[in-house]
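Student: here is a sequence with its predicted model. Questions after.
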Amino acid sequence: MLRLLTCTVLVAGLALAAQPAKKMLIAHRGASGYAPEHTFASYQLGIEQKADFIEQDLQITKDGVLVCLHDITLERTTDVEEVFPDRATVENGVKHWYVADFTLAEIKRLDAGSWFNAKFKGARVPTFAEAIQLVRGKAGLYPETKEPEVYGKRGFEMEKLLMAELKKHKLDAPNADRKTPIIIQSFSPASLRKLAFELNSKLTRVLLVHDGSEKQWLTPDGLKEAKKFADGIGPSKTLIEAEPKIVQWAHELGLTVTPYTFRSAAVGKKYKDVREEMRQFLFTYGVDALFTDNPDQFPR
């Protein structure tokens, strides 16, 4: 976890968070502002743009393999509808192609790049193992257990699969590879608790917080509860903007703060560009790290 220094920042007369020894840059789904998310191209570009960590959202195939995809379904970022037109699940008149309904071999047939730009035609969905091999030694890995309860109903334990894959690559303990730190994130408190207490993982864990759950977690008492199973919080940036004291409260408990998501395509109205927005959060609000689609715009 990031170590904090002792200096503070004043905003509107409030003493905010201590500043961290180093501000950390997480390439959100890779450098996803410039290349199709969760592809080798986006991960490689994130490395080239000097990200400290490359993020991997995790899903599980029908045959139990962890793959890197944000959505629990395939239709948004692949050509699954063309390749497997008759394999959809229809829900309320809407067709979905769930990752867990397809084997890894089938998913590897899909084009995961053309939706973003024709020049990325033929990009494939990477497995988590392939992501590790690409990123290792060049940046840290920042996997997210995505919808673990949904996969639990299908008989999979995402946390066990994640730790088994990390163990296979000898990355399942803190500082196992100093060039490849690991931080595990999740919107699921149960998932992080399982990692901490059932699987006895000592890896750094971050609780993601979305708009709507802030009253549960982003209060002094809520943060104390989060501290029992997490080392940091990852709120949406709008929640920090609305209440900057969240950073101070978290830091007082030794929790790091890593908001999401900063992108040139969706800059806050009060900022001229994404670099200025990131600078405000990093150096005025005092967050420790952030997720961005545009790693090259990270203020250093």
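Tutor: In hand now; what should we look at?
Student: contacts and neighbour counts: CA atoms only from here.
Tutor: Will do.
Student: and the lengthiest strand in the chain, what's its mean pLDDT?
Tutor: Looking across the chain with DSSP state E, the single longest strand is strand 53-60. Per-region confidence: strand 53-60 scores 98 on mean pLDDT.
Student: which residues touch the next helix or strand after that strand?
Tutor: Sequence-wise, the next helix or strand downstream of strand 53-60 (DSSP states H and E) is strand 66-68. By Cα atoms under 8 Å, 6 or more residues apart in numbering, the residues outside strand 66-68 that reach it are 38, 56-61, 125-129, 131, 161-162.
Student: and the two most separated of the residues you listed?
Tutor: The largest distance within these, taken as Cα to Cα, falls between His38 and Leu161 and amounts to 18.9 Å.
Student: the more surrounded of the two?
Tutor: Shown here are His38 and Leu161; by other Cα atoms under 10 Å, His38 has more neighbours (31 against 15).
Student: show me what contacts the residue nearest to the more buried one when sequence neighbours are not counted?
Tutor: Distances taken as Cα to Cα, 6 or more residues apart in numbering place Arg29 nearest to His38, at 5.2 Å, with adjacent residues excluded. Shown in contact with Arg29 (Cα under 8 Å, 6+ apart): 37-38, 42-43, 54-57, 70, 293.
Student: redo those as CSV? Include distance to Phe281.
Tutor: Listed next are the contacts of Arg29 as CSV, based on distance: Cα to Cα, whole Å:
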residue, distance to Phe281
Glu37, 24
His38, 25
Ser42, 24
Tyr43, 24
Ile54, 20
Glu55, 20
Gln56, 23
Asp57, 24
His70, 25
Asp293, 16
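Student: was I right about Gln49 contacting Asp293?
Tutor: No: if you go by Cα atoms under 8 Å, Gln49 and Asp293 don't touch, sitting 11.0 Å apart.
Student: could you tell me which residues touch both of these two?
Tutor: Common contact partners of Gln49 and Asp293 (Cα under 8 Å, 6+ apart): Ala31.
Student: between these two, point out the one with more neighbours.
Tutor: For Gln49 versus Asp293, neighbours defined as other Cα under 10 Å are more numerous around Asp293 (27 against 18).
Student: what ranges do the strands span in the stretch 101-250 of the chain?
Tutor: Listed in chain order, the strands of the stretch 101-250 of the chain (DSSP state E, counting those that start in this stretch) span 140-145, 183-186, 204-209, 232-235.
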